[in-house]
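J.: prediction below, plus the sequence it came from.
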Amino acid sequence: MGVTGTEAHYVSLKDLLAQALDAARTADWPSYRSHFAALRAALGERIAEEEEAHEDNARLRRHLETLGAAAPEHDPQGYLAELEALGALLRAHHAGKLQARVPGAAPALDLRGLQPPEPIVRIFQALERAPGEPLRAILPHEPVPLYALLHERGFAWRGAPRTDGGYELVIERS
C-alpha cells in the first residue's frame, strides 16, 4: 500500500517540526526561525486544504499564533513546551484523521486543552448525537468524576493511560 498525499504531507510536517524542535533545543534561534517559518507555512496550507472545520484546526492555529508572536530567547523552556504541545496536537490530529478512515472505528474526540466542565459537556453532547455508537475520548487525565455520571445514564466505559500522558476512554451504552 502506497503513501497517500495526506500521509506524505504529515511526514513533511513531522520533519519540519523535528527540525524546529532541534534548533529550539540548541537555542539556534536564526535556524529555528527559518524552520518554524517553513512549518507555519506548510501547516497553514494543510489547514486551509482540509474541507471540514475541525476543532483541531483552530487549536493548531492558536499554537502557531502563540509561537509566531513570542520571543523564544526570553523564555526558551516555555517556548519549547508550546512547540512540543503543537507537535502533540499535530500527532493527535493526524491519528484522528487515520482513525476516521478505518471502517467501523469509533471516532476520537480530543478533549485535551479544554477547561472543566467543557470535556464532560462535549462527551454528553457526542453521546446524544450518536447514542448507539461507541465514543472514543482523549482527555488530559483519567476523568474519575465522569464515571458516576456515565453510570447514572446507562453507559459503560473502559480506559487506559496514553503514552503521551493523556488518558483514552471508550464509552458505550451498557
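T.: Received, thanks.
J.: which residues of the chain score low on pLDDT?
T.: Counting by pLDDT under 70, the chain contains low-confidence ranges at 1-7, 50-56, 92-107.
J.: what ranges do the helices span in it?
T.: Taking DSSP state H, the helices of the chain run over residues 5-25, 29-49, 55-69, 76-100, 118-129, 144-152.
J.: so can I have JSON lines of those helices showing distance to R173?
T.: C-beta: built from backbone N, CA, C; applies to glycine. Formatted as JSON lines, the helices of the chain follow (distance: least, Cβ to Cβ, whole Å):
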{"stretch": "helix 5-25", "distance to R173": "32"}
{"stretch": "helix 29-49", "distance to R173": "35"}
{"stretch": "helix 55-69", "distance to R173": "24"}
{"stretch": "helix 76-100", "distance to R173": "20"}
{"stretch": "helix 118-129", "distance to R173": "8"}
{"stretch": "helix 144-152", "distance to R173": "10"}
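J.: can you say which of these is nearest to G166?
T.: When the helices of the chain are compared by Cβ to Cβ, helix 76-100 sits nearest G166, at 8.4 Å.
J.: would JSON lines of the helices of the chain with mean neighbour count be doable?
T.: As requested, the helices of the chain are exported to JSON lines (neighbours: other Cβ atoms under 10 Å):
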{"stretch": "helix 5-25", "mean neighbour count": "16"}
{"stretch": "helix 29-49", "mean neighbour count": "16"}
{"stretch": "helix 55-69", "mean neighbour count": "15"}
{"stretch": "helix 76-100", "mean neighbour count": "16"}
{"stretch": "helix 118-129", "mean neighbour count": "16"}
{"stretch": "helix 144-152", "mean neighbour count": "13"}
